[in-house]
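A.B. asks: need the 3D shape of this:
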Amino acid sequence: MTPIGRIAGLFFAVLIIVCGQAFGLSEAFKENVYNPGKLKPIDSRLKVKVGDPAPDFSLPSVSGEKVTLSHFRGKKNVVISFVPAAWTPVCSDQWPGYNIVKDLFDENDAILLGITVDNIPTLYAWTKQMGSPLWFPVLSDFWPHGAVADAYGVLRTDGVSERALFVIDKQGIIRSINVSDINVRPDLAYCAVELKKLNP
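C.D. replies: Next up, the predicted model:
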């Protein structure tokens, strides 16, 4: 088994043990989550590809500061996590799950940036009700509406973003892209495998 295969296997084992706790949202929180039903799995066309420079952006965060992608150039690998909408079931499971793997990002000199097209007040209320604070910046692509998602080619025709992950190296180059079924939480092992590739 390759080193990456061993990492993924270990990751899955840990995930089985802790995922009930990580994704076990409180009943009060669950009552406030809106279920949009089954959606078209993918509804956009990528405008970037692996090997391209990642389109730069500067977006407001829930913490009150602006976060600029190019600020991390030469300093950190970056994983961008686009999710469709606050207060929806899969998104409300996905982002708290990244709290489990913060060490993985630290070990690979990486930062996660979470982006949705929701406005800051909505994101503030949503992330506050998740329970454990999210360790990564939560950014609003609200205005101009979905401009960053559109630049990457993951803005859907209904105005929300795809459920997508972009892995960007310290030189600002896109090294991996995963646009997944909007109805399904992406496999957390994806980040583990792709980040390890940047630090062989």
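A.B. asks: pretty sure Ala192 sits in a helix.
C.D. replies: Yes. Assessed with DSSP: H, G, I helix; E, B strand; the rest coil, Ala192 lies in a helix.
A.B. asks: test my guess that it contacts Val101.
C.D. replies: Yes. Between Ala192 and Val101 there is a contact under Cβ atoms under 8 Å: 6.9 Å. Just so you know, the C-beta spots here come from the backbone N, C-alpha and C atoms, and that holds for glycine as well.
A.B. asks: quick one, helices of this protein?
C.D. replies: Along the chain, counting by DSSP state H, helices occupy 3-22, 27-31, 89-97, 102-107, 120-128, 147-152, 189-198.
A.B. asks: contacting residues around Leu69?
C.D. replies: By Cβ atoms under 8 Å, 6 or more residues apart in numbering, Leu69 lies in contact with 54-58, 78, 80, 113, 168, 172.
A.B. asks: drop anything exposed from these.
C.D. replies: Those of the contacts of Leu69 that meet the buried threshold are 54-55, 57, 78, 80, 113, 168, 172, by 16 or more other Cβ atoms under 10 Å.
A.B. asks: which among these gets closest to Pro96?
C.D. replies: Set against Pro96, the nearest of the buried ones among the contacts of Leu69 by Cβ to Cβ is Leu113 (16.0 Å).
A.B. asks: and the residue lying closest to the closest one once chain neighbours are set aside, what is it in contact with?
C.D. replies: Closest residue to Leu113 apart from its sequence neighbours, by Cβ to Cβ, 6 or more residues apart in numbering: Ile80 at 5.1 Å. Residues near Ile80 by Cβ under 8 Å, 6+ apart: 54, 69, 112-113, 115, 152, 164-166, 168.
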